[in-house]
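K.L.:
Can you look at this prediction? I've put the sequence above it.
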Amino acid sequence: MFARRAASGEIAPAGPAAFDAVAARGRLTSMVLATAAVAVGVPLLVESFSDYYVTLCIQATITAIALLSVGIVTDRAGLLSVCPLSFAAIGAWAVGLFNEHGWPGGFFLWLVLGGVAAMPFGLLVGLPALRLRGINLAVITLSFAVALDSVLNHTQFPGTETAQFVARPGAVVSDNSYFVLCWGIFFFFALVVWALGRLPFGSAWRALARSERATAAMGRSVSRTKLGVFVLSAFVAGISGALIVGQVGTAVADNFSSSSSLLLFAVAILVGAGYPEGALVGGLFSAFFPAILTDVGLPQDLGNILFAVGAFQVLSVGTSMTGGWRRSARRLQRRRRARGRPYADRVPIPPAHDVEIPPTDGSAVALTLAQPATQALSPDRPRRPANGERSGTPVLATRGLTVRYANVIALEDISIEIAPQSVSGLIGPNGAGKSTFVDAVTGFVTGYQGSIELDGSPIDSLPVHRRVRAGLRRTFQQERTVPALTIAAYVRLAARRRITREEIASILDFLAAPPADEPIAEIDVGSRRLVELAGCLAARPRVLLLDEPTAGLAQAESIAVGGRIAEIPERYGCAVLLIEHDMEVVTVACEHVTVLDFGREIAKGTPKEVLEHAAVVSAYLGDQAVVV
Amino acid sequence: MLQAAIAGLADSGGAYAALAVCLVLLLRTTGVLNFAAAATGTFGTYVMSVIYTSGVPYGVAAAVGVLVGTALSVAFGLALTRWFFDSSPAHRTTVTIALLIGTIAVALRIFGDFPRLMPNLVNGNAVRIASVDISNTDVVGLIFAFVITAGVTQTLRRTEIGLRLRAISQGPVASELLALPVRSLSVGIWALAGAVSTVALLVITPDRSTEIADLSLLVVPAMAAALLASFRRYWVAVVGGLALGAAEGLLSYVQSLSDYQAVIPFVVIVLLLLYFERKETWGDVR
């Protein structure tokens, strides 16, 4: 179905792509080797340390685990959770209780159960903060930390009175072996975080940090994604608390105070705890810095001031320590790669070969301004049947769609039908209600009147992500790709299905978008829009709503993209509704156009008919415009 | 029981209310939820204590404390308007969390973590309601909260500065394009917040633990009160602050629960958020 197009003048990236694949495999192998070396090497190294330093290393590793839990929520998902140690406390107290009551299973099982015990609290704190982002979660997590402070301050750690301390099992009874356990757990979570970051499940967190709307528009439930992050984070933090109990046999409320939580949060910001190496560096800081300060005769709490200052600095610069390192590493790699081969930059998009631009004259000329000579369009493909000639139910239909904002009527009684595998246009001056239409259809605006049907069945009761899953996709007026991901990861996330590298490459190729392994942060805005479109296409939707997809592109590129859009129905089997200001693009892409003005439909027809329509001309140019 | 409620209301309610009003004002005008709000006041209060213990009369010491609290808050305001003017509210709020941590750490370094002498703002008892002695300090605290709130709401509603502040809260960038001195007005609000916070802490500290971290985290009940007002309606924030104070008083009346006063704000916040956010909303711009 996605046969490579072999016509002359097409992009033929076989050479560089093959090179990339070999290089990528080489990089992966060396990365795996390096990771394995660190995993095994560090415990061997710590083996040779004195008891004091082994203790510090255990502390550092446990703190690193707690930092990972902050990193998942704050660094990756962009949600402010400031109570990591409260979840740790729950894990610790749970282990204490299991020990006091002599639960079966022993320490290793309790460790896991300690993490599990923290999960419902993650849910409790996360649930009320589901709807709005950022600030509310910070408020609720801080209040949870303070509340837990007062509870823990008045409850003794289980088993303290009866001197029933938690004893480590034989395998990890020595400090050195306990370090290996902690290190192993840290390493496991680091791998999990890394792997999740490469899977759609973890990429969705990045999307959440970028834009909740975009996350929903990719068919992900925002609530469920958030809850998933909270609960996983609470689990990881809970285990870190359980490990603290394992280290010293007991715990005190002070280990988990809200001010310690806040401090850990500052360290997480400073180091960029969303990355495993960041969490590790943060753990080392927290454990060794006070020790070093004491050694040189300085007060320990100087470290806290420095962490706060560091966090402030990171916030003002916008890049954490690890983020900065990663960026430099990427630049270095890029420079080295660029030296290895001639850089194949963006190949100019070839003109689409199956679009006829209807001859324009009269008022249409006035609207489209100077019409450049239509590019070499090869009329070798039979034109698709016009809208009216197609039979069957429309794939998307609105009936009497009306949206009111207070007294303003944004859309009034709009009935539009979109035939399967067609490209329709929705045009109109600024404020005509085009984007409101898309918002209503996709479910971002609720409380509209009228009904919306997808494939003949109403979708009015469905929330955004369910409409998307039913086959409705959209893009936004401002691009909402996720800069923290590579293009491939983004397309995979948007696809919501298994998709091969070849298929991703073919879609990117079709749109003349940059190559798949490029980080989105490094490409220009116009290309990001193409990537967004690629993500939508990868999902194989029934209907694709494109909100000004060519904004930010140069004119020649816009026309080319318009041509590509015209090809979408045949290639990907979906219908397209195109919102566009650029009349040339509309003319190139659409068979059928609806015109809105002040929320009302004022004209309908082929692009040519519509552009000659008097009401349309007056809507665009004003009543005074004289049409010759 | 009524006594306990009244005692709590008078004791902490006024301070919570004043802090909550400042939180709402700052969030509305500058888009920052100031986690360091109580920390600045704590810092000022400790300065007062240090000066007072060295033999300076209370009035002078308190005035210096308020000045220092105000200056600290102004410094925060300058930092936020200077480096984070265009940042998102969540980002700026994160900055105030860093400032909170930094303030606690610096205060611990300077003042140490031993208990301090925190004299009453005004000595003596003012009235006796239902056999509860209401101290003069408490009365001053209550009056202070009402005066501040009345001042803020009336200023916003009736004065030129209020009009400008309302413009800023609607759109800081647009206001700047209208040549409104957005940054200096913002810093002015920060100054007010610092002063109010210090007075609130001066009122409240004689009655509780004087640990720096605990006092700095009194911002949490104030946030619960502000949340009750949806971070919008000033008088609701006042009522919320007073109600929280009363609820704490009630809890202290029940012997077995008296240690868990700090749980109340959390419960309030959870319930409020569950109620307010039952509907799906899309936070960011289209």
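P.N.:
Received the coordinates, thanks. Residues are numbered from 1 along each chain as shown, chains lettered A, B, ... in the order given.

K.L.:
excluding its backbone neighbours, what's nearest residue 265?
P.N.:
Just so you know, I chose chain A. residue A:82 (4.7 Å; C-beta to C-beta, 6 or more residues apart in numbering or on different chains). Where C-beta positions appear, they are placed from N, C-alpha and C, glycine not excepted.

K.L.:
To clarify, I was referring to chain B.
P.N.:
The shortest distance from residue B:265 to any residue other than its chain neighbours is 4.0 Å, reached at residue B:224 (C-beta to C-beta, 6+ apart).

K.L.:
so who does that neighbour touch?
P.N.:
A:143, B:240, B:244, B:264, B:265, B:268, B:269, B:272 (C-beta atoms under 8 Å, 6 or more residues apart in numbering or on different chains).

K.L.:
Show me which pair in these is furthest apart.
P.N.:
Among the contacts of residue B:224, the pair separated by the greatest distance (C-beta to C-beta) is A:143 and B:240, at 13.8 Å.

K.L.:
ok, the two, which is more surrounded?
P.N.:
residue A:143 (30 against 25; other C-beta atoms under 10 Å in any protein chain shown).

K.L.:
Apart from its neighbours in sequence, what residue is nearest that one?
P.N.:
residue B:266 (4.2 Å).

K.L.:
burial measure for that neighbour, as a count.
P.N.:
Taking other C-beta under 10 Å as the criterion, the count of residues near residue B:266 is 25.

K.L.:
name the element it belongs to?
P.N.:
Using DSSP states H and E, residue B:266 sits in helix B:263-276.

K.L.:
Which strands and helices lie in contact with that helix?
P.N.:
Contact here means 3 or more C-beta pairs under 8 Å, 6 or more residues apart in numbering or on different chains; DSSP states H and E; on that basis helix B:263-276 packs against helix A:135-153, helix B:219-228, helix B:234-253.

K.L.:
could you dump those helices to CSV with mean pLDDT and distance to residue A:582?
P.N.:
Output for the helices and strands packed on helix B:263-276, formatted as CSV (pLDDT from 0 to 100; distance: least, C-beta to C-beta, whole Å):
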stretch, mean pLDDT, distance to residue A:582
helix A:135-153, 89, 39
helix B:219-228, 90, 46
helix B:234-253, 88, 48
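
K.L.:
In TSV, list those along with distance to residue A:251.
P.N.:
Below are these laid out as TSV (distance: least, C-beta to C-beta, whole Å):
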stretch	distance to residue A:251
helix A:135-153	9
helix B:219-228	23
helix B:234-253	26
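
K.L.:
Out of the ones you listed, which one sits most buried?
P.N.:
Ranked by average neighbour count under the criterion mean count of other C-beta atoms under 10 Å in any protein chain shown, the helices and strands packed on helix B:263-276 are headed by helix B:219-228 at a mean of 29.

K.L.:
returning to that earlier point: nearest to residue B:145, of the helices and strands packed on helix B:263-276?
P.N.:
Among the helices and strands packed on helix B:263-276, if distance is taken as C-beta to C-beta, the winner is helix B:234-253, at 6.0 Å.

K.L.:
so which of the helices and strands packed on helix B:263-276 gets nearest residue A:476?
P.N.:
When those are compared by C-beta to C-beta, helix A:135-153 sits nearest residue A:476, at 23.3 Å.

K.L.:
So what does residue B:181 have for phi and psi?
P.N.:
Backbone torsions of residue B:181, given as degrees, to the nearest 10, read phi -80, psi 70.

K.L.:
ok, it to chain A distance?
P.N.:
Counting by C-beta to the nearest C-beta, to the nearest Å, the separation of residue B:181 from chain A is 23 Å.

K.L.:
Any regions of chain B where pLDDT drops low?
P.N.:
Using pLDDT under 70 as the threshold, the predicted model of chain B has low-confidence ranges B:1, B:125-126, B:129-132, B:277-286.

K.L.:
Show me the helices in it, by range?
P.N.:
Chain-ordered helices for chain B, with DSSP state H as the definition, fall at B:2-8, B:14-30, B:37-53, B:58-83, B:89-111, B:136-158, B:160-170, B:172-177, B:182-204, B:212-216, B:219-228, B:234-253, B:263-276.

K.L.:
How far away from the center of its chain is the fifth one?
P.N.:
Spelled out, that is helix B:89-111. Its chain's C-alpha centre lies 15 Å from the corresponding centre of helix B:89-111 when counted by C-alpha atoms, centre = their mean, to the nearest Å.

K.L.:
Give the buried residues for it.
P.N.:
Burial within helix B:89-111, assessed by neighbour count using 16 or more other C-beta atoms under 10 Å in any protein chain shown, is assigned to B:89-108, B:111.

K.L.:
so which of the residues you listed also contact chain A?
P.N.:
Restricting these to those adjacent to chain A (criterion: C-beta under 8 Å from any C-beta of the partner chain) gives B:89-91, B:93-95, B:97-102, B:104-106, B:108.

K.L.:
Now do the contacts for the residue nearest the centre of chain B.
P.N.:
Central residue of chain B (C-alpha atoms, centre = their mean): residue B:19, 2.0 Å from the mean position. Neighbour list for residue B:19: B:37, B:38, B:41, B:196, B:197, B:200, B:218, B:219, B:222, B:225, B:241 [criterion: C-beta under 8 Å, 6+ apart].

K.L.:
State the pair within those residues that is farthest apart.
P.N.:
B:41 and B:225 (15.5 Å).

K.L.:
Using the three-state scheme, assign the closest residue in space to residue A:249 that isn't next to it in sequence.
P.N.:
Leaving aside its chain neighbours, residue A:249 sits nearest to residue A:165 (3.6 Å; criterion: C-beta to C-beta, 6+ apart). Reducing the assignment at residue A:165 to three states with DSSP: H, G, I helix; E, B strand; the rest coil gives coil.

K.L.:
dump the residue contacts of residue A:165.
P.N.:
Contacts of residue A:165 by C-beta under 8 Å, 6+ apart are A:99, A:159, A:249, A:250.

K.L.:
so the nearest residue to residue A:218 once chain neighbours are set aside, which of the three states?
P.N.:
Excluding the flanking residues, the one nearest residue A:218 by C-beta to C-beta, 6+ apart is residue A:494, at 4.9 Å. Under the three-state scheme (three-state DSSP), residue A:494 adopts helix.

K.L.:
Would you check that residue A:494 makes contact with residue A:540?
P.N.:
No: using C-beta atoms under 8 Å, residue A:494 makes no contact with residue A:540, being 10.9 Å away.

K.L.:
so which residue of the stretch 101-250 of chain B comes closest to chain A?
P.N.:
Here the stretch 101-250 of chain B gets closest to chain A at one residue, residue B:102, 3.3 Å apart by C-beta to the nearest C-beta.

K.L.:
Name the nearest residue to that residue, sequence neighbours excluded.
P.N.:
In this structure, residue B:102 finds its nearest non-sequential neighbour in residue A:308, 3.3 Å apart by C-beta to C-beta, 6+ apart.

K.L.:
residues contacting the one you found?
P.N.:
The contact partners of residue A:308, taken as C-beta under 8 Å, 6+ apart, are A:263, A:266, B:98, B:99, B:101, B:102, B:105.

K.L.:
Quick check, pLDDT for the residue nearest to the last one when sequence neighbours are not counted.
P.N.:
Of all residues not flanking residue B:105 in the chain, residue A:304 sits nearest, at 3.8 Å (C-beta to C-beta, 6+ apart). Each residue has a pLDDT score; the one for residue A:304 is 90.

K.L.:
can you count the residues close to residue A:304?
P.N.:
One way to gauge burial is a neighbour count; for residue A:304, by other C-beta under 10 Å, it gives 26.

K.L.:
Mind telling me what element it is part of?
P.N.:
For residue A:304, the secondary-structure element it belongs to, assigned by DSSP H and E, is helix A:302-317.
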